[in-house]
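Colleague: got a predicted structure plus its sequence, pasted below:
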Amino acid sequence: MTKHLLSLSLLAALAGCNGAVDTASVPPPAMQSSEHGKIHPEIWPKQNSPIAREPAREARIAMLLAKMTVEEKVGQVIQADIASVTPEEVKEYHLGSVLNGGNSAPNNDNHSPAIEWLKLADKFWLASTDTSDGGVGIPALWGIDAVHGNNNVVGATIFPHNIGLGAANDPELMREIGTVTAREILVTGIDWTFAPTIAVVQNDRWGRTFESFSENPEIVSTYAGMVVEGVQGRVNSEQFLDNDHMLANVKHFVGDGGTKDGIDQGDTLATEEQLRDIHAAGYPPAIQHGALVVMASFNSWHGKKMHGHRGLLNDVLVERMGFDGFVVGDWNGHGQVAGCSNVSCAAAFNAGLDMFMAPDSWKELYKNTLAQVKSGEISMARLDEAVSRILRVKLISGLFEAGLPSSRPYAGKFELLGSAEHRAVAREAVRKSLVLLKNNEQLLPLAPNSTILVAGSAANNIGQQSGGWTLTWQGSGNKNSDFPNGESIYQGIASAVTAAGGSVELNESGEFSQRPDVAIVVFGEQPYAEFQGDVADVDFKPEDSLAILKSLQAQGIPTVSVFLSGRPMWVNPEINASDAFVAAWLPGSEGGGVADMLFRDAQDKVQYDFSGRLSFSWPRTPSDVELNLGKPGYDPLFAYGYGLSVTDTSVFSELDETLDPTITAQNDSRYLFAGDAVQPWRLVLNDKAGETQVTGNAQRSAAGSVNVKAADYLAQEDTIEVTWQGDAQLLLQGSPVNLSRQSTADMAIQIDYKVISASEGTTALYIDCDGCDTNIDISDDLKLKAGQDWQKAQIKLSCFGLSNDALTRIKVPFGLRSSEGTAIQLKEIKLVSNEGAARCSL
Ligand code: BGC
Ligand code: BGC
């Protein structure tokens, strides 16, 4: 295999940092911060906000403030989720903002047509500006996670996730994507997108790696300003936040991509200099380009949560970087600050958080914050400062003059969602993001007038090629019909091939009726978002794709792999079994962009050469999770910046296939599968004589009050049957795990069960840490379901009413307490994202 070295110019570029900060403000040389977690503001770049404080605007802010009651002021600093707040409540509590989380949509329907979004925007706007109660009537801002196009709305153009855009390394294209995305949001009357994410990911175990442009701060800092400019227009020009543009939001400040072991919402142990030079690199340029909202991060820095970090939120972000907008929190992130809960956190507000993101907790939080202002725990000066910051952004963005959402220039132009012009931009982004890792015998690009087999479970799956944050939070369960304007990779290939007179056959498992000249196999990771995507190692776990590739090769058919993933992964066996291998990341709705790269044109000429280059280093082993350019011992399989062009003649030798991951991680979301406890969880019976672990396929508790035996449902022994003869518990138990972030995200325990009979007494469901045992009475539910068929129930973690602290040490994520007469079958128990079905009962 040829060795790929970084070019000298690339290395030189990497040595520099923060192109947008002028030299007069370059920070002094890095100094050693001996006390970790302590901030030295003087080492951070000093710059001023590019947006002047205009006297007329400042006077208007002062006038509004003078008129507002303290209740109105407190309402202004609170943001609620549309699934948990009504327009009437927005009016009553004078809320400053609403958002829709990844699982929230109008009418509680993730497939709500665009018109419903616009109608709801009108309702919130009317409610917030209603002055019939004598209030000031300040228009509320609506924020949405349009992180790869306006991805919550059916029909929108879905762009490649950021990891692919990083590989494209095309700042100008980022501006265009920002503008197109803004336009597709503006048609629904929404004001603000929670994007771009400017995390600089250093550990690819993190489930949000795909939301990051690069492991390299250089790309991220260039892109940060370009995306902000695309969404908002050029700062201080006439187009800035005009009708064609809207508010962007850089996130998550700061250190989100640097947590220990890549754990989502974890602790970042970087030095202050690393925080500045790596993780914060995108902030100064984003602010220079006019960023007006910064989202605080869930992570801690040396044990202190960012939501409560005054040194970073105020002394660095505001005082040094010249940020003059407002800081919004992340989804109940304030609740994780020491001493706080989701409904009470003066500490975060006093540290510089200007707006709480309090999706479901807003009402109690409102009451507590109001009380804290009245008691002086929050000073009136601090409240006025936060409200002024929010009003300033609302004024700069033109919200007061914009009028009813449906009356705005782009409102209702739904033909723009997934328009041909917008899709062309996304398709270009797909082409530029693909990285060619292997191309033996210069197999690619293929002649389109050939006989092509398209195989692999991801070949005809727009949901999978789009990944997380697509229609739903996790992006799972989407069908091709959910993307009326999208094209799967297979569909893209089919149109290229048939147009050129070739023939194409789709067969997921790799069989064919006509022997193909070439087989294209599309496979990769299933969609995920946030902590649900955290992994122990970057091994691509065997799927049928490897067997398909091997079988095709054994038949002498050349194979092309198209690999979909949100992170670089160890795929040595798959690479060996492929003649050509393309890292396609998560390309989104434009499968045609993949076909563009795989095929020559109808005249057999190369249409596009591969220009994508790795913005993340590619692992040599499954445990290469902290593989970053410039790190001591850097030894990637494919270095940062690698990517073949079609003229490259390098030929690969076999890669090592024998490596095993050396990392193990706690499984904190799957407990019972096919009737077996999932490692490291144990299935335990407990009665008055003590605990008994279930080991074989039949087990009785110590005093005989309950017994378990294997039973059959869809397959042999794929379930267990539990029968009570007395008072006893069945539980899944292990060493303590932290479920607080899952609870905050409104996740639910999903139980696949069948009730054979129900006892006359009480049956309770519970979760437990030492001494925090809590019950949900399900006696009546069981009686109702007795004798019925299989059921699937989702019970919200939050229904158990545990404190954040208790949730950090759960030893029993599932327990069932019952008595004589109950018999139940259980197949699967796991945590899932609540897409609207979860309740507090079975
Ligand atoms: C995520 C943010 C997102 C917010 C609103 C949080 O859980 O961390 O990136 O903007 O939810 O959906
Ligand atoms: C996400 C939200 C999502 C929610 C699920 C949060 O962590 O960021 O956007 O809707 O969890 O309930």
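Modeller: Yes, it's here. Ligands and ions are numbered 1, 2, ... in the order given.
Colleague: for S221, grab the count of nearby residues.
Modeller: Neighbour count for S221, taken as other CB atoms under 10 Å: 27. Where you see a C-beta, it was placed from the backbone N, CA and C, and this is true even at glycine.
Colleague: I'd say it and P285 touch.
Modeller: Yes. With contact defined as CB atoms under 8 Å, S221 reaches P285; the gap is 5.1 Å.
Colleague: so where is the stretch 501-650 of the chain shaky, pLDDT-wise?
Modeller: Across the stretch 501-650 of the chain, no stretch falls below the confidence threshold (pLDDT under 70).
Colleague: which stretches of it form helices?
Modeller: Remark: helices assigned in the stretch 501-650 of the chain by DSSP state H, counting those that start in this stretch are 544-554, 572-576, 592-598.
Colleague: could I get those helices as TSV with distance to ligand 2 and mean neighbour count?
Modeller: Below are those laid out as TSV (distance: least, CB to the nearest ligand atom, whole Å; neighbours: other CB atoms under 10 Å):
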stretch	distance to ligand 2	mean neighbour count
helix 544-554	30	19
helix 572-576	32	21
helix 592-598	27	25
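Colleague: how about TSV for the ones you listed, with distance to R809 added?
Modeller: Formatted as TSV, these follow (distance: least, CB to CB, whole Å):
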stretch	distance to R809
helix 544-554	39
helix 572-576	39
helix 592-598	46
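Colleague: can you say which of the ones you listed is nearest to L247?
Modeller: For L247, the closest of the helices of the stretch 501-650 of the chain is helix 592-598, at 28.7 Å, according to CB to CB.
Colleague: just how off-centre is the closest one within its chain?
Modeller: 26 Å (CA atoms, centre = their mean, to the nearest Å).
Colleague: name the residues of this structure found near ligand 2, please.
Modeller: 101-104, 331, 473, 530, 745-746, 833-834 (CB under 6 Å from any ligand atom).
Colleague: at 5 Å what do you get?
Modeller: Along the chain, the residues adjacent to ligand 2 under the rule CB under 5 Å from any ligand atom are 101-103, 331, 473, 745-746.
Colleague: now H148, nearest residue through space, not along the chain?
Modeller: F159 (4.5 Å; CB to CB, 6 or more residues apart in numbering).
Colleague: thought the one you found was touching A168?
Modeller: No. If you go by CB under 8 Å, F159 and A168 don't touch, sitting 10.6 Å apart.
Colleague: now do the shared contacts for these two.
Modeller: By CB atoms under 8 Å, 6 or more residues apart in numbering, F159 and A168 have these common neighbours: A429.
Colleague: more crowded one of those two?
Modeller: Counted by other CB under 10 Å, F159 and A168 do not tie: F159 has more neighbours, with 32 against 27.
Colleague: show me what residue of the chain gets nearest to ligand 2.
Modeller: Nearest to ligand 2 in the chain, going by CB to the nearest ligand atom, is G101, at a distance of 2.8 Å.
Colleague: looking at that residue now. What's its pLDDT?
Modeller: Looking at G101, its pLDDT reads 97.
Colleague: I'd guessed it sits against Q79; true?
Modeller: No. G101 is beyond contact range of Q79, at 10.8 Å (criterion: CB under 8 Å).
Colleague: what touches both of those two?
Modeller: Common neighbours of G101 and Q79, counting by CB under 8 Å, 6+ apart, are P359.
Colleague: can you pick out the residue with more neighbours from those two?
Modeller: A direct count of neighbours by other CB under 10 Å for G101 and Q79 places Q79 higher, at 25 against 22.
Colleague: dump the residue contacts of the more buried one.
Modeller: Contacts of Q79 (CB under 8 Å, 6+ apart): 95-99, 143, 328, 355-359, 362.
Colleague: how about the residues of this protein by ligand 1?
Modeller: Proximity of the chain to ligand 1, by CB under 5 Å from any ligand atom, involves residues 101, 145, 194, 330-331.
Colleague: repeat that with 8 Å
Modeller: By CB under 8 Å from any ligand atom, the residues of the chain that approach ligand 1 are 99-102, 143, 145, 147, 194, 197, 208, 211, 249, 251-252, 295, 298, 330-331, 333, 357, 359, 473, 530, 745.
Colleague: filter these to the buried ones?
Modeller: The neighbour-count criterion (16 or more other CB atoms under 10 Å) marks 99-102, 143, 145, 147, 194, 197, 208, 211, 249, 251-252, 295, 298, 330-331, 333, 357, 359, 473, 530, 745 among the residues of the chain next to ligand 1 as buried.
Colleague: where does the prediction get shaky in this structure?
Modeller: 1-36, 664-666.
Colleague: nearest residue to the residue sitting furthest away from the middle of it other than its sequence neighbours?
Modeller: Relative to the centre of the chain, the most outlying C-alpha is that of A703, 47.6 Å out, by CA atoms, centre = their mean. Spatial nearest neighbour of A703, excluding adjacent residues (CB to CB, 6+ apart): A689 at 3.7 Å.
Colleague: go on, M246?
Modeller: Closest to M246 by CB to CB, 6+ apart is A182, at 5.0 Å.
Colleague: which ones are touching the residue nearest to I489 when sequence neighbours are not counted?
Modeller: Spatially, and ignoring its direct neighbours in sequence, I489 is nearest to G591 (4.0 Å; CB to CB, 6+ apart). Applying CB under 8 Å, 6+ apart to G591 gives the contacts 462, 465, 486-493.
Colleague: what's the farthest-apart pair in these?
Modeller: Greatest spacing in the contacts of G591, by CB to CB: G486 and I493 (14.5 Å).
Colleague: about what we covered before: of the contacts of G591 - the most surrounded one?
Modeller: Greatest neighbour count in the contacts of G591, by other CB under 10 Å, goes to Q465: 32 neighbours.
Colleague: which SS class is it?
Modeller: helix (DSSP: H, G, I helix; E, B strand; the rest coil).
Colleague: looking at it, it is touching L564, isn't it?
Modeller: Yes. Counting by CB under 8 Å, Q465 touches L564, with 5.7 Å between them.
Colleague: between these two, which contacts overlap?
Modeller: Between them, Q465 and L564 have 458, 584, 586-587 as joint contacts when contacts are counted by CB under 8 Å, 6+ apart.
Colleague: nearest to N151, of these?
Modeller: Relative to N151, the closest of the shared contacts of Q465 and L564 is L586; by CB to CB it sits at 11.1 Å.
Colleague: please report phi then psi for the residue lying closest to that closest one once chain neighbours are set aside.
Modeller: Spatial nearest neighbour of L586, excluding adjacent residues (CB to CB, 6+ apart): G467 at 3.7 Å. Main-chain dihedrals, G467, degrees, to the nearest 10: phi 80, psi -160.
Colleague: and G467, how far from ligand 1?
Modeller: 14 Å (CB to the nearest ligand atom, to the nearest Å).
Colleague: quick one: neighbours of that residue, just the number.
Modeller: With other CB under 10 Å as criterion, G467 counts 33.
Colleague: for it, give me its contacts.
Modeller: 148, 161, 210, 475, 525, 527-528, 564, 566, 586.
Colleague: list the contacts for T129?
Modeller: 137-139.
Colleague: which among the residues you listed count as buried?
Modeller: 137-139.
Colleague: may I have the helix or strand harbouring V497 as CSV, with CA atoms only?
Modeller: Taking DSSP states H and E as the criterion, V497 maps to helix 489-499. What follows is helix 489-499, C-alpha atoms only, in CSV (Å, rounded to 0.1, in the frame of the first residue of the first chain):
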residue,chain,number,x,y,z
ILE,A,489,-28.6,5.8,-3.6
TYR,A,490,-30.1,2.9,-5.6
GLN,A,491,-32.6,5.3,-7.3
GLY,A,492,-29.7,7.6,-8.2
ILE,A,493,-27.7,4.8,-9.7
ALA,A,494,-30.8,3.4,-11.5
SER,A,495,-31.4,6.7,-13.3
ALA,A,496,-27.8,7.1,-14.3
VAL,A,497,-27.5,3.6,-15.6
THR,A,498,-30.8,3.3,-17.4
ALA,A,499,-30.3,6.7,-19.1
